[in-house]
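Engineer: return atomic coordinates for the entry below.
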Amino acid sequence: MPTDAIADGRDPRGVRALRLGVGVALCVAIGFGLDLPIPMVAPVLGVFLLAGMNQPLSARAGLGLVAAVGLATATGLLLSPLLRYYPLAGVLLIGLCLFLAFRAGMRGANGVLTMFLIIGLTIIAAAGTIDFRLAALAVEALAKGLLAAVAVLGCCHWLFREPALAPKPPAAPVLPPDQAARMALRATLVVMPAFLLALTDPLGYMPIILKSVSLGRQACVTAAHGAARELLGSTLLGGLLAVLFWCALSLCVSLWMFFLWMLLFGLLAARKLYRLSPTRHPPSFWLNTLVTLVILLGQSVQDSVAGKDVYTAFAVRMGLFIAVTLYACLMLRLFEPRRRAPRPPGPSVPAYSDT
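Structural biologist: Take a look at the predicted model:
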């Protein structure tokens, strides 16, 4: 990192790390302080928004985001009867929608919009197969969580403005059609098992859907070489941080301490993500770690409020996370393009010879 970039304010990484850490903590405080339907949704969506957007949402972008969530809601509700009465056709149609959404994201569409489309489509369609009221609760949780995340995004950009001389981030590369289709199919196959599992208990397995969507996004940028180290390592590290967070929070249980501990852990992860404290792991590793921490911790808090055995539920959930991650590693291996070994130089050998 050049020192002159810091001196004249051209290096925006410190501001972005502050925005991410403070924003996630604020989303946690809003989600649990206001007792939103599923409080965990707000900080998870906040992580995706704050890490993916270095500028505040304009009116047009805000309308586009609302339209994407509305489309996801409408599509999920429309596909729910098909999933209930014609499950095979419904699952295939959901898979096709996921494939098209992932492919659009890799062909230049807004990645944040496609991510919200995928989350809304899977969660709402799964909830609608059980009960329409459950689907309505999922819609309410997604809408309120998104509103909280968007409000926090605007607040954090107001508090921590992007440096005026900061270079614009490079545009996301547009993949060729065949490569985009292959990677979209890989990401779809990563998400589908979690979606099928959620058909039995949509709200109970919502953390698995959110985790699989995060893995699907990560599978789009992770090569098969070293995939197990990155995907599985970030999942295990997120689980370890969640245990440490829970032990620290148990010393003094209050919303204020919940906010402060989340601020500390969020800032530590943000420093790694933006390479203020460089490591050998890419930013996607630390983003997946932070998402895993937020999901596991938020669900454990909900289990505690509901009177469930937190440690047993955490162990089961962590086991499912590891299983989903190992499956994602397998998909990366299977869909990695095979390179032909170069033929060694030398005289050509005839296919047959007369003797």
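
Engineer: which residue ranges of the stretch 251-355 of the chain form helices?
Structural biologist: Remark: helices assigned in the stretch 251-355 of the chain by DSSP state H, counting those that start in this stretch are 255-273, 283-305, 310-334.

Engineer: let's have these in JSON lines, adding distance to residue 18, mean pLDDT and mean neighbour count.
Structural biologist: C-beta here means a position set from N, CA and C on the backbone, and glycine is covered the same way. Formatted as JSON lines, the helices of the stretch 251-355 of the chain follow (distance: least, Cβ to Cβ, whole Å; pLDDT from 0 to 100; neighbours: other Cβ atoms under 10 Å):
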{"stretch": "helix 255-273", "distance to residue 18": "7", "mean pLDDT": "93", "mean neighbour count": "20"}
{"stretch": "helix 283-305", "distance to residue 18": "15", "mean pLDDT": "90", "mean neighbour count": "23"}
{"stretch": "helix 310-334", "distance to residue 18": "29", "mean pLDDT": "86", "mean neighbour count": "17"}
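
Engineer: would you mind giving these as a markdown table with distance to residue 164 added?
Structural biologist: Formatted as a markdown table, the helices of the stretch 251-355 of the chain follow (distance: least, Cβ to Cβ, whole Å):
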| stretch | distance to residue 164 |
| --- | --- |
| helix 255-273 | 22 |
| helix 283-305 | 24 |
| helix 310-334 | 40 |
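
Engineer: and of the ones you listed, who's closest to residue 64?
Structural biologist: With Cβ to Cβ, the closest approach to residue 64 among the helices of the stretch 251-355 of the chain belongs to helix 283-305: 22.4 Å.

Engineer: with just CA atoms, put that closest one into CSV.
Structural biologist: Listed next in CSV are the C-alpha coordinates belonging to helix 283-305 (Å, rounded to 0.1, in the frame of the first residue of the first chain):
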residue,chain,number,x,y,z
PRO,A,283,-11.5,-11.0,0.4
SER,A,284,-14.1,-13.6,-0.4
PHE,A,285,-12.7,-15.8,2.4
TRP,A,286,-13.3,-13.1,5.0
LEU,A,287,-16.7,-12.1,3.6
ASN,A,288,-17.8,-15.7,3.9
THR,A,289,-16.4,-15.9,7.4
LEU,A,290,-18.3,-12.8,8.5
VAL,A,291,-21.6,-14.0,6.9
THR,A,292,-21.1,-17.4,8.7
LEU,A,293,-20.5,-15.6,12.0
VAL,A,294,-23.6,-13.5,11.7
ILE,A,295,-25.9,-16.4,10.7
LEU,A,296,-24.7,-18.7,13.4
LEU,A,297,-24.7,-16.1,16.1
GLY,A,298,-28.1,-14.6,15.2
GLN,A,299,-29.7,-18.0,15.1
SER,A,300,-28.2,-19.0,18.4
VAL,A,301,-29.6,-15.8,20.0
GLN,A,302,-33.0,-16.8,18.6
ASP,A,303,-32.7,-20.3,20.0
SER,A,304,-31.9,-18.9,23.4
VAL,A,305,-35.0,-16.6,23.3
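
Engineer: elements contacting that helix?
Structural biologist: In terms of contacts (3 or more Cβ pairs under 8 Å, 6 or more residues apart in numbering; DSSP states H and E), helix 283-305 is packed against helix 13-33, helix 41-52, helix 206-219, helix 227-249, helix 255-273, helix 310-334.

Engineer: tell me how far the fifth one lies from the chain's centre.
Structural biologist: Which is helix 255-273. 18 Å (Cα atoms, centre = their mean, to the nearest Å).

Engineer: try the second one
Structural biologist: Taking Cα atoms, centre = their mean, one finds helix 41-52 lying 8 Å from the centre of the chain it belongs to.

Engineer: so that helix versus helix 255-273, what angle?
Structural biologist: Taking axes from the mean of the first three to the mean of the last three Cα atoms, to 10 degrees, one finds that helix 41-52 is oriented at 30 degrees with respect to helix 255-273.

Engineer: how far off helix 206-219 does helix 41-52 point, in degrees?
Structural biologist: Using the same axes, to 10 degrees, the inter-axis angle of helix 41-52 relative to helix 206-219 is 10 degrees.

Engineer: thinking again about what came up before, the helices of the stretch 251-355 of the chain: which one's closest to residue 126?
Structural biologist: In terms of Cβ to Cβ, the element of the helices of the stretch 251-355 of the chain nearest to residue 126 is helix 310-334, at 15.3 Å.
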